[in-house]
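> heads up, no residue letters with this:
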C-alpha cells in the first residue's frame with residue numbers, strides 16, 4: 001500500500017474498493033504500526049463490498065484506528081479533511097564536556113508545545129530553562145544566542161513588558177541530579193512558517209543554566225552560565 005501524505009502533515013491511507021475484509025484487516029494492522037491515524041476507503045460504484053461490521057472486525061485490525069467509507073471520488077476529499085497528526089520534535093542535550101546528559105521530546109498541542117524533559121547528572125537545585133534563538137550548541141553554548149524572542153519583548157514572566165517566547169519556569173533538580181518533568185510553553189510552535197516557530201531560518205535550542213531565573217532581569221534573568229544545550233530537531 002502507498003501512504004498518501006496530504007498537506008498540513010496529515011498521514012493516512014486512501015484505499016479504493018477493498019472487497020476482502022481479511023486483506024483490509026492486515027492493511028489496518030500495518031497502518032497502525034506505522035502511526036497512520038485513519039483509513040479512507042473509496043468504494044467503487046457497483047462493487048460488492050463486505051458489511052461495515054465485517055470491515056470493523058476483520059482480523060482484529062480495525063479497532064486500532066479510524067475507518068471512513070465513502071464513494072471512490074470523494075475519498076481523497078475526506079482524507080484532506082481529517083485531523084492532522086500531532087507534530088513532534090526532539091532535542092538531545094549535552095553538557096559542556098560534550099557528553100549527553102538527557103533529552104527532550106516536544107509535542108505540538110492546540111495550546112502550545114509540551115516539552116517532556118529527562119536529564120541526569122545535573123547539579124542539585126534550581127536551574128533556568130529556556131528556548132534559545134539559534135539551533136547551535138557549541139560549548140560553552142554562547143552559540144545558541146539569546147532567548148527565543150520573536151515578539152521583541154523584555155525578559156521574564158514577572159516583567160511588565162515580558163516575556164520572551166523562550167522563557168519557561170525553573171527546573172528543580174533533586175539531590176540525585178536526575179529529573180524528569182513536563183513543561184508547557186504556550187508561546188512557541190513547531191509549525192514551520194509561523195512567526196513563533198522554533199523551526200525558523202537558524203533553528204532553536206533548549207538551554208539549561210547554572211543558576212535560577214529570577215523571572216524579571218533583562219535579558220536572561222541573571223541565570224548564570226549555560227551548562228547544557230540541545231538543538232531542537
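Received, thanks. Remember, it's a predicted structure, so these values are computed and weren't measured experimentally.
> residues of the helix or strand where residue 107 lies that come out buried?
In this assignment (DSSP states H and E), residue 107 forms part of strand 100-109. For strand 100-109, the neighbour count (16 or more other Cβ atoms under 10 Å) marks 101-104, 106, 108 as buried. In this view, the C-beta of every residue, glycine as well, is placed from N, C-alpha and C.
> just the helices in the chain please.
Assigned by DSSP state H, the helices in the chain fall at 21-33, 52-57, 75-81.
> Show the average pLDDT along the longest one.
In this model, helix 21-33 has an average pLDDT of 55.
> again, but for the second one
Regarding helix 52-57, the rounded mean pLDDT is 44.
> Extract the residue ranges of this protein that are flagged as low pLDDT.
Along the chain, segments meeting pLDDT under 70 span 1-86.
> And the strands in it, which stretches?
Applying DSSP state E to the chain gives strands spanning 13-16, 38-43, 66-71, 88-95, 100-109, 112-119, 125-127, 129-132, 171-173, 179-185, 205-209, 226-231.
> what angle separates the last one from strand 112-119?
It refers to strand 226-231. 120 degrees (axes from the mean of the first three to the mean of the last three Cα atoms, to 10 degrees).
> Determine the set of other helices and strands touching strand 226-231.
Using 3 or more Cβ pairs under 8 Å, 6 or more residues apart in numbering; DSSP states H and E, the elements in contact with strand 226-231 are strand 88-95, strand 100-109, strand 205-209.
> can you list those strands in a markdown table and add distance to residue 158?
Listed next are the helices and strands packed on strand 226-231 as a markdown table, based on distance: least, Cβ to Cβ, whole Å:
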| stretch | distance to residue 158 |
| --- | --- |
| strand 88-95 | 26 |
| strand 100-109 | 24 |
| strand 205-209 | 17 |
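> any idea how far residue 99 is from residue 130?
Using Cβ to Cβ, to the nearest Å, residue 130 is found at 21 Å from residue 99.
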